[in-house]
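S.K.: the following comprises the amino acid sequence and a computationally predicted model.
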Amino acid sequence: MGASPARPPVTVLVTDMDNTLFDWLGMWQAAFGAMLERLVADSGVPRETLEEEFFALHQRHGTTEYAFAIQELPSLRARHPPEELPTRYAAAIEAYRTMRRRTLTLYPGVLDTLRTVRDAGALVVAYTESRAYYADYRVRTLGLDGALDYLYSLPDHALPEGTTPSQIRRYPPEHYRLRSTVHRHTREGAWKPDASVLLEILRDVGAEPGRAVYVGDSLVKDVAMAQAASVVDVFARYGDVRSRPGYDLLRRVTHWSPAMLARSEALREADVHPTHVLVDGFAEILALVDFRRFAV
């Protein structure tokens, strides 16, 4: 392996969220799996058919967390008017929400590590390809509001025709707002590992690529993107999901293109050569990187 790289001095931490700060796959598998099982039981539609229809919807909307999927599933629309589907399959929706609440937790040491980085004066930015609503929800639910200076996510997908936010939200508008963390959007259609997205984020916060570090769990999306942007890269190996239970279900209904999926599954550390690796947890970054005060 050779000598370990010296601790690079950086003033900005940009971190992926899903499977880097929390176990997204575990949460998604529990929530989506519970919803899917209830849909099969309540509708009588074979599981294989529903998975194929979810895959088509996720491909179309660019996310595996499309909030209105039940209303658009062809097999369900063939049985009932679309406007009745949320009520008829309310148990499936509640199953998703219940399991999401039970399983959405930070990895050990994440919050303390982020606070330590901020106490050093460094800027902390989270970047996720999740849509805005879910990214915002997770920051609030995980207690990251204020632990992050900025959150960057894709904007929300369009609402179904005739639907307004007030119709689908349970709480007052202020409940859905971050109090301290600034939430901004990346360009629609701009996906990892496009280095321009990361460079645009750094430019937006007034940071230099040479003084930034990026950490993420995907070799093809995170590490490759950071290296292409000339940003210090850190591979969160502990978050690599490719060999975990639940990944087979994810790949059957994924929004990733077949080409991106194949490339991600084929890549290994020997192919990408991450500069730094987190083996057991996020806190290890403190021993790898020298965080210093950020100044514009």
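M.R.: That came through, no problem. Keep in mind it's a predicted model, so treat the numbers as computed, not measured.

S.K.: only C-alpha atoms for contact and neighbour calcs from this point on.
M.R.: OK.

S.K.: give the next helix or strand downstream of the longest helix along the chain.
M.R.: When the chain is parsed with DSSP state H, its longest helix is helix 24-43. As assigned by DSSP states H and E, the chain's next helix or strand after helix 24-43 is helix 47-61.

S.K.: now do that following helix against helix 24-43, angle only.
M.R.: 120 degrees (axes from the mean of the first three to the mean of the last three CA atoms, to 10 degrees).

S.K.: what's next to helix 47-61, contact-wise?
M.R.: 36-37, 40, 64-66, 69, 72-75, 157, 252-257 (CA atoms under 8 Å, 6 or more residues apart in numbering).

S.K.: buried ones in the longest helix of the chain?
M.R.: 24-36, 38-40 (16 or more other CA atoms under 10 Å).

S.K.: before we move on, back to that, now intersect the contacts of helix 47-61 with the helices, please.
M.R.: Short answer: these in helices (DSSP H) are 36-37, 40, 69, 72, 74-75, 252-253.

S.K.: quick one on the thing from earlier: of the contacts of helix 47-61, buried ones?
M.R.: For these, buried by 16+ other CA under 10 Å: 36, 40, 64-66, 69, 73-75, 253-256.

S.K.: what's the farthest-apart pair in the residues you listed?
M.R.: V40 and W256 (24.2 Å; CA to CA).

S.K.: CSV for the ones in helices among the contacts of helix 47-61, including pLDDT and distance to R187?
M.R.: Converted to CSV, the ones in helices among the contacts of helix 47-61 look like this (pLDDT from 0 to 100; distance: CA to CA, whole Å):
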residue, pLDDT, distance to R187
L36, 97, 31
E37, 97, 35
V40, 97, 36
A69, 92, 23
E72, 93, 26
P74, 96, 30
S75, 96, 33
R252, 93, 27
V253, 94, 24
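
S.K.: with respect to L198, which of the residues you listed is nearest?
M.R.: Using CA to CA, V253 comes nearest to L198 of these, at 26.9 Å.

S.K.: wait, what's in contact with V197?
M.R.: Per CA under 8 Å, 6+ apart, neighbours of V197: 186-187, 190-191.

S.K.: do G33 as well
M.R.: G33 neighbours (CA under 8 Å, 6+ apart): Y96.

S.K.: let's see that with 10 Å instead.
M.R.: Counting by CA atoms under 10 Å, 6 or more residues apart in numbering, G33 touches 27, 39, 92, 95-96, 99, 246, 249-250.

S.K.: and V14, by the same measure?
M.R.: Applying CA under 10 Å, 6+ apart, the residues contacting V14 are 123-127, 148, 150-152, 198, 201-202, 212-216, 226, 231, 233.

S.K.: tell me which element it is part of?
M.R.: strand 12-15.

S.K.: same deal with V213?
M.R.: Using DSSP H and E, V213 falls within strand 212-216.

S.K.: tell me what that strand is packed against?
M.R.: strand 9-10, strand 12-15, strand 123-131, helix 224-228, strand 232-236, strand 276-278 (3 or more CA pairs under 10 Å, 6 or more residues apart in numbering; DSSP states H and E).

S.K.: report the buried residues of it.
M.R.: 212-216.

S.K.: tell me what angle it forms with strand 123-131.
M.R.: Using the same axes, to 10 degrees: strand 212-216 against strand 123-131 is 40 degrees.

S.K.: what stretches of the stretch 1-150 of the chain score poorly on pLDDT?
M.R.: Applying pLDDT under 70 to the stretch 1-150 of the chain flags residues 1-5.

S.K.: could you check the angle strand 232-236 makes with the strand holding V213?
M.R.: With the same axes, to 10 degrees defining the directions, strand 212-216 sits at 20 degrees from strand 232-236.

S.K.: all good on my end, thank you.
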